[in-house]
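Asker: Sequence first, predicted model second:
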Amino acid sequence: MSDDSRNEADQRRRKLGELRRRGDAYPNTFRREDLAAELAIAYGDLSKEALAEAPVEAAVAGRVMLRRVMGKASFITLEDLSGRIQCYVRRDDVGEDAYADFRRLWDLGDIAGVRGTVMKTNTGELTVHASEVGLLVKSLKPLPEKHHRLSDQELRYRQRHLDLIVNEESRQVFRTRARLVTAMRRFFDERGFLEVETPMMHPIPGGATARPFVTHHNALDTKLYLRVAPELYLKRLVVGGFERVYEINRCFRNEGLSPRHNPEFTTVEFYQAFADYVDLMDLTEELLRELIRDIRGGTSLTFEGREIDFGPAIPRQRMTSAVATEIGIAEGDLMDEARLGELARALNIPVESAWGWGRVLMETFEARVEANLIEPTFITQYPIEVSPLARKSADDPRLTDRFELFVAGREIANGFSELNDPEEQADRFARQAELKNRGDLEAMHYDKEFLAALEHGMPPTAGEGIGIDRLAMLLTDSSTIRDVVLFPQLRGTGGDES
RNA sequence: GGGUCGUUAGCUCAGUCGGUAGAGCACCGGGCUUUUAACCCGUUGGUCCUGGGUUCGAGCCCCAGACGGCCCA
């Protein structure tokens, strides 16, 4: 590399070389004493004159985001975890050598420390007037363009650090997500729920109908599955006497990537003994109102240009009623298996011969109703055929006491009164095993261990899962899950098989 | 998996009818001691995603592929 290279990376490396020659190029001796936002709160309201009369010492540090050099005086803007602060660097204040270095060796993106006094400029901007400046870290790669920042979506996900450096909105999304999780923990803790951690690796995948990831344990020489849901373990804890439990953690499903699906995603799953699915719908409304008040303020949020209000009671509608209304037929007509099958075929919904009435109803619902549920809506009474862990409805053995919550056309939550009759659960597992034998890759395994736990007696219980990523999407107005997952799965990041 | 749009300088993007590759920011050199995406002057920087094809000539047209966005399954 020659000194006259015009390549920016070469120039930065040349500058680093010069820093190395004169000593420690990566010092860790500067001690920051003030954050940008703290200075703004403490002194932002004082006048230029007041600050000049009673000088305040400050020491700030952060990444150099803007730089304006005017001969023998300059302004730089540093960004730290709290925000931005401008610094005023004058040759006559920091000394000729330091100022020459500052001009020659500093670049946008470097990390610097500035010590000085707090002042206001003629235009009223709070500024640290430097008495001492130090380059703490030389950044060897140029930052994205300062006006437009980084907008290439793929680059934003693959180099999330860059996205976070230059895109304040992106940082804000992940702060909001963290607040969401914190608020959710507080909500459950306050109500006597115990936070637990159950296995991520299961000998038998269970708790949801989904394709699992498979791995292998060498010492045990056995297959293990990354969990698709924590449900069966959480219920074993309820059997054990932890009558209110919750878990916030990752689940894994071996399915396609889409704006709504990442192979690993985060859910909160919670169980409450001596409660039913209606209690959980009530609790869910309470939870959502609290989260929205904490994070957005008020009762509503804006998503994809629409205001969605969680203030009013969330309507609850039976699945058959929702489908009948959407298609414009009598609810009674849906109850007949043959007639529903004809209807589905007429609507171009692919129906497989092995499907019973419940599966056809579910597919029809997903194809025709789901996307239209923009306002928050609970859909209830899911078919037993697609709900192998849910309690049968008292008034119709083909249905279960189950609900899902939809917002903006997306499933946000899924809950039900739990099936706690071990013999009926054994029958349901047997039916799933049959489907699996017939080639249904998503069907559940027959889980003897779980049945053994149920046989000890699980109190009447209701349980629910809520997708944290999807909730974060709603609360940050993000239309793709990749914007709320720090490192989303992308093609070509799968390891060494490519 | 299908459809569709895209891939040009480190970043954000133009590129007309097929005829020598452009701008802003960043970088380099110069000027400027209260600037505000600082400004002014002068430079540098290109595997136009890849591989074929058509053509006297391809960033542009055709074919195949890679990667990505969006829509659908």
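Answerer: Great, that's in hand.
Asker: Residue A:247 reaches residue A:234, doesn't it?
Answerer: Yes: counting by C-beta atoms under 8 Å, a contact exists between residue A:247 and residue A:234, whose distance comes to 6.3 Å. Any C-beta I mention is one placed from the backbone N, CA and C, and that applies to glycine too.
Asker: Now the common contact residues for those two.
Answerer: Both residue A:247 and residue A:234 are in contact with A:196, A:198, A:269, A:270, where contact means C-beta atoms under 8 Å, 6 or more residues apart in numbering.
Asker: which of those has the most neighbours?
Answerer: Highest neighbour count within these: residue A:270, with 27 neighbours (other C-beta atoms under 10 Å).
Asker: Show the pLDDT at it.
Answerer: Per-residue confidence (pLDDT) for residue A:270: 98.
Asker: which secondary structure element contains it?
Answerer: Residue A:270 is part of strand A:264-273, with elements assigned from DSSP states H and E.
Asker: One more: residue A:102?
Answerer: Per DSSP H and E: residue A:102 is located in helix A:96-105.
Asker: Give the pairing partners of the helix or strand just after that helix; include direction for each.
Answerer: Remark: after helix A:96-105, the chain's next helix or strand is strand A:111-120, criterion DSSP H and E. Paired strands of strand A:111-120, with direction, are strand A:57-70 (antiparallel), strand A:126-137 (antiparallel) (DSSP bridges).
Asker: List the buried residues in the first one.
Answerer: Within strand A:57-70, the residues that qualify as buried are A:58, A:60, A:61, A:62, A:63, A:64, A:65, A:67, counting by 16 or more other C-beta atoms under 10 Å.
Asker: cool, stretch A:46-59 as well?
Answerer: Within stretch A:46-59, judged by 16+ other C-beta under 10 Å, the buried ones are A:46, A:48, A:51, A:58.
Asker: Next, format the residues you listed as a markdown table and append distance to residue A:375.
Answerer: Putting the buried residues of stretch A:46-59 into a markdown table (distance: C-beta to C-beta, whole Å) gives the following:
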| residue | distance to residue A:375 |
| --- | --- |
| A:46 | 48 |
| A:48 | 52 |
| A:51 | 52 |
| A:58 | 50 |
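Asker: Of those residues, which is the nearest to RNA strand B?
Answerer: residue A:48 (7.8 Å; C-beta to the nearest atom of the strand).
Asker: Give the bridge partners for the spatially closest residue to that closest one that is not a sequence neighbour, please.
Answerer: Closest residue in space to residue A:48, ignoring its immediate chain neighbours: residue A:120 at 4.0 Å, by C-beta to C-beta, 6 or more residues apart in numbering. Partner residues in beta bridges with residue A:120, using DSSP bridges, are residue A:126.
Asker: ok, how many other residues are close to residue A:120?
Answerer: By other C-beta under 10 Å, the residues close to residue A:120 number 19.
Asker: Could you report the distance from it to RNA strand B?
Answerer: 7 Å (C-beta to the nearest atom of the strand, to the nearest Å).
Asker: is it true that residue A:78 lies in a helix?
Answerer: No: membership of residue A:78 in a helix is not supported by DSSP: H, G, I helix; E, B strand; the rest coil, which gives strand.
Asker: picking up where we left off before, pick the one among the shared contacts of residue A:247 and residue A:234 closest to RNA strand B.
Answerer: Proximity of the shared contacts of residue A:247 and residue A:234 to RNA strand B was ranked by C-beta to the nearest atom of the strand; the top entry is residue A:269 with 25.7 Å.
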